[in-house]
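Q: take a look and give me a structure for this.
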Amino acid sequence: MVGGVKAGACAGIIYGIISPIFLLISGGYNYLYSTPSGNFLIMIWVFSTLLTLLYSIIYGIICGIIFGLIYAAVYDKIPGTSSTVKGIILSLLFWLIFSFFILWFVFSPIGRSTIFSNTIITSLLVYLVFGFLVGMFWDRFKPTKTTI
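A: Prediction:
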């Protein structure tokens, strides 16, 4: 379990750094170009961007630890030949659950179409990268079997 926590936390830090970049790619850049010019507004935008980055890193670490614990608990049951493939498969399962089922029941049909059209592909890429990173870090932190 400790290996899963470490792998998830490391992947969460990287997720926290790249997640705002994917957010900007998926539509946040419209905000940047629609902001009126002026030093004060630019300072507010930079401050809010830095807060978003900090929040993303903290959120990534927390979610990474949870994901890493689940990954460690079900590692032997996940199909796949390598740790990275297993991480990607588990992250795809999480993506299906969170992207479709929760969004389907939480948002109205109008909100669903807007959210799906803007973020489904982007969130899939983020989940795939996250699963790959957890698998990669799992190889580094997985528990070794010791014989006595």
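Q: go through the longest helix along the chain and flag the buried ones.
A: Determined from DSSP state H, the single longest helix within the chain is helix 39-74. The neighbour-count criterion (16 or more other Cβ atoms under 10 Å) identifies 49, 52, 56-57, 60-61, 63-65, 67-72 as the buried residues of helix 39-74. C-betas here are computed from N, CA, C, even on glycine.
Q: angle of the helix or strand following that helix against helix 39-74?
A: Using DSSP states H and E, the helix or strand that follows helix 39-74 in sequence is helix 83-96. Angle of helix 83-96 versus helix 39-74, following axes from the mean of the first three to the mean of the last three Cα atoms, to 10 degrees, is 110 degrees.
Q: and for the residue nearest to Ile18 when sequence neighbours are not counted, the neighbour number?
A: Leaving aside its sequence neighbours, Ile18 sits nearest to Val129 (Cβ to Cβ, 6 or more residues apart in numbering; 6.7 Å). By other Cβ atoms under 10 Å, the residues close to Val129 number 18.
Q: residues in contact with Val129?
A: Shown in contact with Val129 (Cβ atoms under 8 Å, 6 or more residues apart in numbering): 14-15, 18.
Q: of these, closest to Pro143?
A: Ile14 (21.9 Å; Cβ to Cβ).
Q: excluding its backbone neighbours, what's nearest that closest one?
A: Leu133 (5.6 Å).
Q: before we move on, which element is the one you found in?
A: Element membership of Leu133, judged by DSSP H and E, is helix 109-141.
Q: return the helix or strand in the chain with minimum mean pLDDT.
A: Here the helix or strand of the chain ranked lowest by mean pLDDT, DSSP states H and E is helix 29-34, holding a mean of 52.
Q: what about Thr144, which SS state?
A: coil (DSSP: H, G, I helix; E, B strand; the rest coil).
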